[in-house]
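*Asks:* got a structure for you, letters missing:
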């Protein structure tokens, strides 16, 4: 056995050891980490399957509908998510083994191992819209690279790339950036394959059609959130650009980015493959950089393009360089692991003298909060909360949907699709609040209002009991403000339906406007 064989065998063993170790770690985190507000919110989508929901396309709701049918244990609900980055790592190895000569196979295994030890890989256990997004983006990119490398037309692989990017679009709109990257690559470097663009679009079109049809009949709820409501007040800002640049370097890891940029192109990978991989990760990263000049870019927005960056680094770097990057990345992962463990399992007293204490207690002790809210709850009374995060977490443990009382924010407006406040006329409502509420904020909407305090682990929480809900003043003030703030649908969008505006009689955002 040659030295090269030993290196390949050692890299392969290291990859599989890392794969199983990180998978075990993800299982532990998935089983033991408390259910978060976003997870609980998307869980409600799974409880009530539909063609679409408030903020994002429906894929995570469909996924959770299947998992909810099996069990509501967090490990089951998170089971698909915890497999995603492991599967992506296997796809990375496969793509590199196909692209590199046999003597460089060790680089393929090492690149997969580097990706697995990135904190955002082994921490990827929470089930959100990013779960199906990353999965289908990775499948689409893998199929696209197979098509790109084909000596013949590769039509079938292009078709699969289009199908999967369409399913990624049904997960989150950020998938559009991958589709744009395909267009940039083909029009810039593979113009002889221009026909692949309509092929991919045709296969993505059914997914796009489902989402457009839902939006047109539901007040363009996804478009209003992603294009308009969340971007109000955006302006040119170098500070958000600086934050994005630092975040991008952090996500890609500075050492792997530096190694990749300074390394000469190693022998083996074809120019066609190198160009494709470079465009697929660099174009979205640069586009996000431009967008960051006007608005904040979320860290999770970039996650779907990290595997393509690692693939690019794997094409350029030898196994020894990748092993050095892996060691540095392991060091980076350690403080992340300690922080995750502290949030999930450390004594709550650890957070006592921080601003996060009440939120940490609520996260860890949501069942106790729900039990306190349910104590002496009158028959037929409805639980609510002031914001969507606690509302969703309470709902998960309460076993029934918990609406938001009040205007809320542009995020998580599923109530607008699902809740009919007319049906609550005359009912008793108990409203959870983190901070001491002012009864005057509630008296216009109830016959009688009282406030009580309850303590969990030394933290004070509050409940507002409103007896005899008054729908009409709530409609004329709170719901009217919601209509003005979040349902100001542009006239150029064809409106075939708007459950919220039709339900409450707001003519300006109804189909017959």
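*Replies:* That came through, no problem. These numbers were taken from a predicted model, which means no experiment stands behind them. Numbers count the residues shown, from 1 in each chain.
*Asks:* Strands along the stretch 351-500 of the chain, start to end?
*Replies:* For the stretch 351-500 of the chain, applying DSSP state E, counting those that start in this stretch gives strands covering 382-385, 429-433, 446-456, 459-469.
*Asks:* pretty sure residue 413 is touching residue 54, no?
*Replies:* Yes - judged on CB atoms under 8 Å, residue 413 makes contact with residue 54 at a distance of 4.6 Å. Just so you know, the C-beta spots here come from the backbone N, C-alpha and C atoms, and that holds for glycine as well.
*Asks:* which residues are common contacts for those two?
*Replies:* Counting by CB atoms under 8 Å, 6 or more residues apart in numbering, the contacts common to residue 413 and residue 54 are 221, 225.
*Asks:* The strands of the stretch 351-500 of the chain into a markdown table, with extra columns for mean neighbour count, mean pLDDT and distance to residue 362?
*Replies:* Formatted as a markdown table, those follow (neighbours: other CB atoms under 10 Å; pLDDT from 0 to 100; distance: least, CB to CB, whole Å):
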| stretch | mean neighbour count | mean pLDDT | distance to residue 362 |
| --- | --- | --- | --- |
| strand 382-385 | 23 | 98 | 11 |
| strand 429-433 | 23 | 98 | 9 |
| strand 446-456 | 15 | 97 | 8 |
| strand 459-469 | 19 | 98 | 7 |
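*Asks:* in what helix or strand does residue 20 lie?
*Replies:* Here residue 20, judged by DSSP states H and E, is contained in helix 3-32.
*Asks:* In that helix, which residues are buried?
*Replies:* 7-8, 11-12, 14-15, 18-19, 22-23, 25-27, 29-30 (16 or more other CB atoms under 10 Å).
*Asks:* So which elements touch that helix?
*Replies:* The contact analysis (3 or more CB pairs under 8 Å, 6 or more residues apart in numbering; DSSP states H and E) places helix 3-32 against helix 74-77, helix 79-99, helix 105-117, helix 119-122, helix 319-345.
*Asks:* And those helices: which comes nearest residue 395?
*Replies:* Among the helices and strands packed on helix 3-32, the nearest to residue 395 by CB to CB is helix 74-77 (14.1 Å).
*Asks:* what's next to that closest one, contact-wise?
*Replies:* Contact with helix 74-77 is made by 27, 30-31, 33, 35, 39, 43, 64, 67-68, 70-71, 127, as judged by CB under 8 Å, 6+ apart.
*Asks:* and if we set it to 10 Å?
*Replies:* For helix 74-77, contacts defined as CB atoms under 10 Å, 6 or more residues apart in numbering pick out 27-36, 39-40, 42-43, 46, 63-64, 67-71, 82, 125-127, 396.
*Asks:* buried ones in that helix?
*Replies:* 74, 76-77.
*Asks:* Any chance of TSV for those residues, columns pLDDT and distance to residue 320?
*Replies:* As requested, the buried residues of helix 74-77 are exported to TSV (pLDDT from 0 to 100; distance: CB to CB, whole Å):
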residue	pLDDT	distance to residue 320
74	98	40
76	98	41
77	98	41
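*Asks:* Tell me the one among those nearest to residue 336.
*Replies:* Once CB to CB is applied, the member of the buried residues of helix 74-77 that ends up nearest residue 336 is residue 74, at 19.9 Å.
*Asks:* Next one: that closest one from residue 361, what distance?
*Replies:* Between residue 74 and residue 361 the computed distance is 19 Å (CB to CB, to the nearest Å).
*Asks:* What ranges does the stretch 401-513 of the chain have for its helices?
*Replies:* Secondary structure of the stretch 401-513 of the chain (DSSP state H, counting those that start in this stretch): helices at 414-418, 471-474, 480-486, 499-504.
*Asks:* any chance of those helices in TSV, plus distance to residue 459 and mean neighbour count?
*Replies:* As requested, those are exported to TSV (distance: least, CB to CB, whole Å; neighbours: other CB atoms under 10 Å):
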stretch	distance to residue 459	mean neighbour count
helix 414-418	26	21
helix 471-474	30	16
helix 480-486	30	17
helix 499-504	35	19
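*Asks:* re earlier: okay, the buried residues of helix 74-77 in a markdown table with distance to residue 158 next?
*Replies:* Below are these laid out as a markdown table (distance: CB to CB, whole Å):
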| residue | distance to residue 158 |
| --- | --- |
| 74 | 38 |
| 76 | 36 |
| 77 | 34 |
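*Asks:* and of the residues you listed, the nearest to residue 469?
*Replies:* Using CB to CB, residue 77 comes nearest to residue 469 of these, at 32.6 Å.
*Asks:* Residue 35 versus the closest one, what's the distance?
*Replies:* Counting by CB to CB, the separation of residue 77 from residue 35 is 8 Å.
*Asks:* what's the overlap in contacts for these two?
*Replies:* Shared contacts of residue 77 and residue 35, counting by CB under 10 Å, 6+ apart, come down to 43, 126-127, 396.
*Asks:* Which of those fall within helices?
*Replies:* In this view, the shared contacts of residue 77 and residue 35 that belong to helices under DSSP state H are 43, 396.
*Asks:* neighbour-wise, which of the shared contacts of residue 77 and residue 35 leads?
*Replies:* Among the shared contacts of residue 77 and residue 35, the one with the most neighbours (other CB atoms under 10 Å) is residue 127, at 28 neighbours.
*Asks:* pLDDT at that one, what is it?
*Replies:* Looking at residue 127, its pLDDT is 97.
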